[in-house]
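# sequence first, then the predicted structure, then my questions.
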Amino acid sequence: VLSATVGTLTNTAYVSSTTAMSVVSATAYTSVTLQSNLTLSKTIGINTLVRIDVGSSVNYTDHNGNVWIADTGFTGGNPYTPDTNPISNTLDPAIYWSYRYGDASAFTYAYATPNGAYQVNLHFAERAGYVANQRVFNVDVEGTVIPNLDVYSAAGGSNIALIKTKYVTVADNQLNMSFT
């Protein structure tokens, strides 16, 4: 089981079996940039942030006072919160504790988002006891793909936070992500 987090538009999603994600955030600026963790901010004079704690049924406030809202915007997959094991490489392990998983099937997220360029930061942690090459999956953010992601190998082991960043352009007022 994996977990992921994204930057300024924050979302936690998780896929099991072959795909997993926990939190996603996105940050956007007037010229538009999206960040994963599912935190979305678009700066037009002011900063607007949305953080989604994927798989969670309750809001969470991180160490900086940012609120991560409960899981929303998904289609498919199942939410899961296995335990509260320590997660290294983060000041907020709780955002990695819940996730969404899909056994051998994809799940997706869609968020109403103003058109523009975004930096999307996806936060992951291998939480299910898998080792290198046991769980490999693809992440597609607005057509920009992270192919063959093996969180265990990329992070250097289990229960270690990993952040992947993608720069995307939203042209249909909706940020789309899929995990397969």
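Now that the structure is in, tell me what you want to look at.

# may I ask which helix or strand of this structure has the lowest mean pLDDT?
Lowest on mean pLDDT, DSSP states H and E among the helices and strands of the chain sits strand 9-13, with a mean of 34.

# in stretch 143-161, what's buried?
Using 16 or more other CB atoms under 10 Å as the test for burial, stretch 143-161 gives 146, 149-153, 155, 158-161. Just so you know, the C-beta spots here come from the backbone N, C-alpha and C atoms, and that holds for glycine as well.

# how far is the one helix or strand residue 100 maps to from where the chain is centred?
Here residue 100 sits within strand 99-101, counting by DSSP states H and E. Centre-to-centre, strand 99-101 and its host chain are 10 Å apart (CA atoms, centre = their mean, to the nearest Å).

# sheet partners, orientation included, of it?
Using DSSP bridges, strand 99-101 pairs in its sheet with strand 20-21 (antiparallel), strand 78-80 (antiparallel).

# let me see the mean pLDDT of the next helix or strand after that strand.
Counting by DSSP H and E, the element after strand 99-101 in chain order, helix or strand, is strand 107-112. For strand 107-112, mean pLDDT rounds to 89.

# again with stretch 173-180
Averaged across stretch 173-180, the pLDDT comes to 91.

# for that stretch, buried residues please.
Quick answer for stretch 173-180 (16+ other CB under 10 Å): 175-180.

# also stretch 107-126?
Under 16+ other CB under 10 Å, the buried positions of stretch 107-126 are 107-109, 111, 113, 116-126.

# measure it end to end?
End-to-end distance of stretch 107-126: 18 Å, with CA to CA, to the nearest Å as the criterion.

# what about it, distance to the chain center?
Stretch 107-126 sits 7 Å away from the centroid of its parent chain (CA atoms, centre = their mean).

# could you do stretch 56-72 as well?
With CA atoms, centre = their mean, you get 13 Å for stretch 56-72.
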